[in-house]
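1. Next one to model:
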Amino acid sequence: MKVFLKILFGSVLCLLLAYVPVSGESIKGDNYSSLDIPVSEFGFRGIGEDGKGTLYVSSLLKNGVFLLPNGCRTQECSSFIELSPPLSAPGWVITLPYGGAFVLQRFGDRIVFVPKNCMESACTKTILLPNRPSYPSGGEFDPSSGSTWVSDELSNQIGILPEHCYDAGCMTFITLPSKDSHPSGLANDHDNGFWVTEKKGDRIAFIPRRCRTTSCVKEYPIPSRSIKLRPFSPVSLGKDRIAFLVGKGSAVVIGDLRSGTLAFQFIPVGEKIGKATRILGGDTDSVVIATKGEYTHVGRLRLSKSCLASPDGMRPDCADFKSIPIPRGEPFGLSRGRHGYVWITLRNRDEILRVRLEGPCLSSGRSFPSSCFTTLSFTRSETLYHRKYHQEVSQ
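-> Have a look, this model is predicted:
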């Protein structure tokens with residue numbers, strides 16, 4: 001009985017310590033010391049800037065989305081919208097040219113619409129996906145129709161939200177021909193239709209713009225290169241051309257359908273710049289790539305005929321990559337901002353990057369000058385450690 005009481009007393013004491021109100025330096029004394037925990041507290045994922053200049057950043061670990069209005073570039077002036085249910089894994093952000101954004105909740109079986117000028121959960125709209133479980137992983141806005149397309153990996157479908165549709169009842173769903181394809185991303189082929197990367201089947205699919213049934217979806221197998229391809233992060237390079245990543249970012253693949261048959265070209269990503277995590281369409285002759293490795297790298301890969309004619313992969317004179325002085329950063333979100341900037345989230349750091357990819361910023365040198373990038377750091381709570389009771393508290 002005495003042993004039981006001691007255990008019970010110790011458990012209650014630990015619980016009380018876990019909920020001790022922490023205020024300033026008074027709690028530290030001789031028993032507490034600060035802990036430097038080498039993990040992210042916010043877990044930033046998707047990022048995008050809408051047509052009104054509002055920046056949307058999804059936070060996995062805070063289970064919500066941060067909004068930075070036009071002109072706001074610090075945590076202090078941002079607003080936070082907490083999403084439900086808990087642990088819903090907010091991921092991809094699809095911003096709209098007229099303002100507002102869709103946030104995909106990968107473990108929540110839902111999509112949340114945040115209208116323009118909405119800064120609290122009361123004005124958001126929730127779209128519950130009919131297939132459970134779902135995993136909405138990627139999406140893109142279609143400016144020609146005003147609709148938004150979303151890939152759902154677990155249901156093997158593509159969902160289409162018409163303009164002003166905020167309920168699953170007005171959505172259209174297209175099932176891919178091959179079972180368990182795990183569609184991982186979408187790319188708009190300039191009013192022609194949508195490309196879809198099939199992560200599990202090592203294929204890409206094409207959905208013509210007016211197609212709404214499985215029978216009109218075309219699938220193309222990607223040639224095997226003795227690696228697990230698992231294609232992801234597709235972007236359009238103009239009509240009938242697509243670029244995407246394979247092999248955990250070890251190579252960029254260019255798909256060209258202009259001759260009537262889909263031809264593929266593999267461009268290995270150089271080991272010196274790490275592995276690509278995201279790709280972003282620049283124009284018909286270039287793509288923007290973010291990589292992880294010893295240092296975070298960002299740059300532009302030119303896709304001119306002379307650059308693609310090389311059988312040796314990424315030619316040095318066709319790639320403008322520079323490092324950012326952030327060791328071991330892992331880019332997750334990559335989106336285009338205004339005035340020649342791109343936005344980047346790092347999944348393992350509580351920082352958002354804005355990098356300029358124009359003019360002198362891409363001139364000679366291995367790293368970006370400080371004038372070419374901005375780091376938006378979010379403040380983490382301080383974690384204290386009690387030496388005697390081995391208990392952690394935060395303030």
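
2. Which helix or strand contains the most centrally placed residue in the chain?
-> When the chain is reduced to its mean C-alpha position, the closest residue under Cα atoms, centre = their mean turns out to be residue 333, at 3.3 Å. For residue 333, the enclosing helix or strand under DSSP states H and E is strand 331-336.

3. and if you look at residue 134?
-> Assessed by DSSP H and E, residue 134 sits outside every helix and strand.

4. how near is the closest residue to it other than its chain neighbours to residue 136?
-> Among residues not flanking residue 134 along the chain, residue 109 sits closest, at 4.5 Å (Cβ to Cβ, 6 or more residues apart in numbering). No exception for glycine: its C-beta is placed from N, CA and C like everyone else's. Separation of residue 109 from residue 136 (Cβ to Cβ, to the nearest Å): 8 Å.

5. Quick check: neighbours shared by those two?
-> residue 129 (Cβ atoms under 8 Å, 6 or more residues apart in numbering).

6. who's more crowded, the two?
-> The residue with more neighbours, out of residue 109 and residue 136, is residue 136; 26 against 21, by other Cβ atoms under 10 Å.

7. shaky segments in the stretch 201-350 of the chain?
-> Counting by pLDDT under 70, the low-confidence segments of the stretch 201-350 of the chain come to 282-283, 310-313.

8. mind listing the helices for it?
-> 305-308 (DSSP state H, counting those that start in this stretch).

9. beta partners of the nearest residue in space to residue 308 that is not next to it in sequence?
-> Taking Cβ to Cβ, 6+ apart, and ignoring the residues beside it in sequence, residue 308 has residue 265 as its nearest neighbour in space, at 6.2 Å. Per DSSP bridges, residues listed as beta-bridge partners of residue 265: residue 254.

10. now stretch 95-104: how far from the chain's centre is it?
-> Relative to its parent chain, stretch 95-104 has a centroid offset of 14 Å by Cα atoms, centre = their mean, to the nearest Å.

11. what's the answer for stretch 130-141, then?
-> Mean-position distance between stretch 130-141 and its chain equals 14 Å (Cα atoms, centre = their mean).

12. I'd guessed residue 192 sits against residue 210; true?
-> No. Here residue 192 lies out of contact with residue 210, judged by Cβ atoms under 8 Å, at a distance of 10.7 Å.

13. higher neighbour count, the two?
-> Counting neighbours by other Cβ under 10 Å for residue 192 and for residue 210 shows that residue 192 has the greater number, 16 against 7.

14. Who are the contact partners of that one?
-> Counting by Cβ under 8 Å, 6+ apart, residue 192 makes contact with 208-209, 239-240.

15. what's across from the residue lying closest to residue 214 once chain neighbours are set aside in the sheet?
-> Using Cβ to Cβ, 6+ apart and skipping residues adjacent in sequence, the residue nearest residue 214 is residue 175, 5.0 Å away. The residues listed as beta-bridge partners of residue 175 by DSSP bridges are residue 157.

16. List the residues that contact residue 175.
-> Neighbours of residue 175 in contact, by Cβ under 8 Å, 6+ apart: 156-157, 214.

17. repeat that with 10 Å
-> Contact analysis of residue 175 by Cβ atoms under 10 Å, 6 or more residues apart in numbering lists 155-158, 181, 213-214, 217.

18. Can you say which of the residues you listed are buried?
-> Applying 16 or more other Cβ atoms under 10 Å to the contacts of residue 175, the neighbour count classes 155-158, 181, 217 as buried.

19. ok so, going back, is it correct that the residue nearest to residue 134 is in contact with residue 131?
-> Yes. Between residue 109 and residue 131 a contact is recorded at 7.8 Å, counting by Cβ atoms under 10 Å.

20. Which neighbours do these two have in common?
-> Looking at what touches both residue 109 and residue 131 (by Cβ under 10 Å, 6+ apart), the common residues are 152, 154-155.

21. Buried subset of the contacts of residue 192, written for PyMOL?
-> When burial is assessed using 16+ other Cβ under 10 Å, the buried subset of the contacts of residue 192 is captured in PyMOL by this command:
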select buried, resi 240
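
22. List just the nearest of the contacts of residue 192 to residue 280.
-> When the contacts of residue 192 are compared for distance to residue 280 (Cβ to Cβ), residue 239 comes out closest, at 18.5 Å.

23. check contacts around the closest one.
-> Shown here is residue 239, whose contacts under the criterion Cβ under 10 Å, 6+ apart are 189-193, 257-258, 284.

24. Looking at the contacts of residue 192, which are in strands?
-> Among the contacts of residue 192, DSSP state E puts residue 208 in strands.

25. one step back: take the contacts of residue 239 and keep only those in strands.
-> With DSSP E as the criterion, strands contain residue 193 from among those.

26. Widest-spaced pair of the contacts of residue 239?
-> Greatest spatial distance among the contacts of residue 239 (Cβ to Cβ): 193 and 284, at 17.2 Å.

27. What distance do you get for the closest residue to residue 95 other than its chain neighbours to residue 72?
-> With Cβ to Cβ, 6+ apart as the measure, residue 48 is the residue that lies nearest to residue 95, at 3.7 Å, once sequence neighbours are left out. Taken as Cβ to Cβ, the spacing of residue 48 relative to residue 72 amounts to 15 Å.
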